[in-house]
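Undergrad: Take a look and give me a structure for this.
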Amino acid sequence: MALPVAFFGLFFAYPVAAILSRGLHSGGGWHFGRLFDVLGQSDIRHVLWFTTWQALASTGLTLLIALPAAYVFARFSFPGKQVLRAVVTVPFVLPTVVVGTAFLALVGRGGLLDELWGVRLDTTVWAILLAHVFFNYAVVVRTVGGLWAQLDPRQEEAARMLGASPFRAWRQVTLPALAPAVAAAALMVFLFTFTSFGVVQILGGPTFSTLEVEIYRQTSEIFDLSTAAVLTIVQFLAVGAILAVHAWTVRRRESALRLVDAAGTSRRPRGAGQWALLAGVLGTVALLLVLPLAVLVQRSLDAPDFAYYRALTSDDGNVFLVPPIEAVGNSLEYALAATVIAVTVGGLAAAALTRRDAGRLVRGFDALLMLPLGVSAVTVGFGFLIALDEPPLDLRATWILVPLAQALVGVPFVVRTMLPVLRAVDERLREAAAVLGASPWRVWREVDLPMVRRALLVAAGFAFAVSLGEFGATVFIARPDNPTLPVAVARLLGRAGELNYGQAMALSTILMLVCAIALLVLERLRTDRTGEF
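TA: Numbering: from 1, shown residues only. Presented below is the predicted three-dimensional model:
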């Protein structure tokens, strides 16, 4: 636990505490009255209301649209199912900047809907809601569908034999068993949409602002650290409550059900109704998930002779000190370094949490590992600039600052991926190896590692994908001569001109392809098709 605790202490707790201290501590004392002053402002209350409202609306809409797909993936067997599963998951690993850009190309000014029917949604809340459904669709499909596939279908069949209608059998038998998984998925979707930044920043414009966007505005544009500190505290408390409820639902799901092998619960669709449901899900995937990405690619190819892609190699008139194409190499290098850090820290944390004699303090650290997913990445990034500016932690001029920020987001995915596999290793195997004279390192190398190798590779892949697309923190700390792909896309979209717009589409397409390739490799490595990410 020493390295994970030191890592989170230095590069998460310390920068966040530095921001809070700058905002609420002055003149030798703490000014907590500022909390009431900020929360009493009408514009801040409006931001809090919109953040909560859009998160609730996005969560409800995602469940409504994605639950039929969860059933299809759990109960139906059809050609191309695994490929479709990978397609459904692609949006989740995409950077939020790419998601916002894809929907901008679809529903924004000059987008597909604007050209065909003169309809623009980029100035409305519907664009944000649809983009959130696009991003979180896979969360519901994997979380709920994974459990649904392991529920014994004979229980519902028995209810049907006793005279229950199909709906009543589902409502009274299957739904109560699924309730913990549905609650866990809903809480995760709410968490991701409550802390949404890139999507709202691109699609919301000046009209709509979430807590995360407002924290960014207060720190980078208004330089009001006290207001940003208050909003960070509010977001921190909300995220802590969400994660506590989520942990309770996960424990309930793991302990309350008797599950069966998912391989024996799916079959080919039967009857017109089931085929119609499958067709409806395929149509939804095509329109909601595939179409925005296809339009993104099409927009990047609008100019003849790949002009937008060729413009990426030039630094004439750009906002960077280097050609935008260099952002690709920068992002890959940063993401690889972040992956090494995340796998090392997350792997050690998962190994410590696996021990049966772990104390309550160690088990509590499990919940703290999830906080970087919900605490403002903007706060962390700005905190890096404020806190890591004095020896021996003067890192502002070094390249390692960006990978450290990216690794904070990757560690929770590493822990969540490796922990179930490590817990499944029979402790008696380790004890037998130790009795035969093996050192702890050799026990890990020859007992644990062969069993968790695939999970380790999957964890590294997810850490790489999320590091590649991290935006909230890197927008502060990525230097103009070393931009990352998400930062380059956001900066290009912020400048007027067709060439800048086209280059943003081209960079987004490149980033999408890299993430999609990483995901397809993960799907081939993964052996457990029923769990969460």
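Undergrad: Could you chop this protein up by domain?
TA: Using automatic domain parsing, the domain parsing of the chain gives 1-31+302-533, 39-300.
Undergrad: pLDDT of the first one, averaged?
TA: Right, the one you point to is domain 1-31+302-533. The pLDDT scores in domain 1-31+302-533 average 80.
Undergrad: Quick one: the domains of the chain as CSV, columns for mean neighbour count too.
TA: Yep, even glycine has a C-beta here, placed from its N, CA and C like the rest. Below are these laid out as CSV (neighbours: other Cβ atoms under 10 Å):
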stretch, mean neighbour count
domain 1-31+302-533, 19
domain 39-300, 19
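Undergrad: which stretches of the protein form strands?
TA: For the chain, applying DSSP state E gives strands covering 25-26, 29-30.
Undergrad: Which residues does the last one contact?
TA: What it means is strand 29-30. Contacts to strand 29-30, defined as Cβ atoms under 8 Å, 6 or more residues apart in numbering, come from residues residue 24.
Undergrad: That one pairs with which strands, parallel or anti?
TA: strand 25-26 (antiparallel) (DSSP bridges).
Undergrad: got the contact list for the closest residue to residue 229 other than its chain neighbours?
TA: In this structure, residue 229 finds its nearest non-sequential neighbour in residue 23, 2.6 Å apart by Cβ to Cβ, 6 or more residues apart in numbering. Counting by Cβ under 8 Å, 6+ apart, residue 23 touches 34, 225, 226, 227, 228, 229, 230, 232.
Undergrad: Verify the contact between the fifth one and residue 213 for me.
TA: Looking back up the chat, that one is residue 228. No: the criterion here is Cβ atoms under 8 Å, and residue 228 misses it with residue 213 at 11.6 Å.
Undergrad: Let me know the distance separating the closest residue to residue 72 other than its chain neighbours from residue 35.
TA: For residue 72, ignoring the flanking residues on the chain, the nearest one in space by Cβ to Cβ, 6+ apart is residue 281 at 4.8 Å. Remark: distance between residue 281 and residue 35 (Cβ to Cβ, to the nearest Å) = 46 Å.
Undergrad: What's the mean pLDDT across the top helix by length along the chain?
TA: Counting by DSSP state H, the longest helix found in the chain is helix 42-75. For helix 42-75, mean pLDDT is 92.
Undergrad: which strands and helices sit next to it?
TA: If you count contacts as 3 or more Cβ pairs under 8 Å, 6 or more residues apart in numbering; DSSP states H and E, helix 42-75 packs onto helix 33-39, helix 81-93, helix 125-148, helix 175-194, helix 211-217, helix 225-256, helix 271-284.
Undergrad: How far off centre is the last one?
TA: Its chain's C-alpha centre and that of helix 271-284 lie 29 Å apart, by Cα atoms, centre = their mean, to the nearest Å.
Undergrad: that older thread, got a list of what the residue nearest to residue 72 touches?
TA: By Cβ under 8 Å, 6+ apart, the contact set of residue 281 is 68, 69, 72.
Undergrad: wait, the last one sits on residue 277?
TA: Yep, that's residue 72 we're talking about. Yes: taking Cβ under 8 Å as the definition, residue 72 is a contact partner of residue 277 at 6.5 Å.
Undergrad: intersection of neighbour lists for these two?
TA: Residues within reach of residue 72 and of residue 277 at once, by Cβ under 8 Å, 6+ apart: there are none.
Undergrad: May I have the residues that are in contact with residue 396?
TA: Applying Cβ under 8 Å, 6+ apart, we find residue 396 in contact with 384, 385, 388, 389, 477.
Undergrad: I'd like those as TSV, with distance to residue 399 appended.
TA: Formatted as TSV, the contacts of residue 396 follow (distance: Cβ to Cβ, whole Å):
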residue	distance to residue 399
384	13
385	15
388	13
389	16
477	10
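Undergrad: Which single one of those residues is nearest to residue 371?
TA: The closest of these to residue 371 turns out to be residue 384 (Cβ to Cβ; 16.2 Å).
Undergrad: quick one: the closest one and residue 478 touch, right?
TA: No: between residue 384 and residue 478 there is no contact under Cβ under 8 Å: 11.1 Å.
Undergrad: Distance of the nearest residue to residue 186 once chain neighbours are set aside relative to residue 185?
TA: Closest residue to residue 186 apart from its sequence neighbours, by Cβ to Cβ, 6+ apart: residue 59 at 5.4 Å. Computed as Cβ to Cβ, the residue 59 to residue 185 distance reads 9 Å.
Undergrad: sorry, back to before: how many degrees apart are the longest helix of the chain and helix 271-284 in direction?
TA: 140 degrees (axes from the mean of the first three to the mean of the last three Cα atoms, to 10 degrees).
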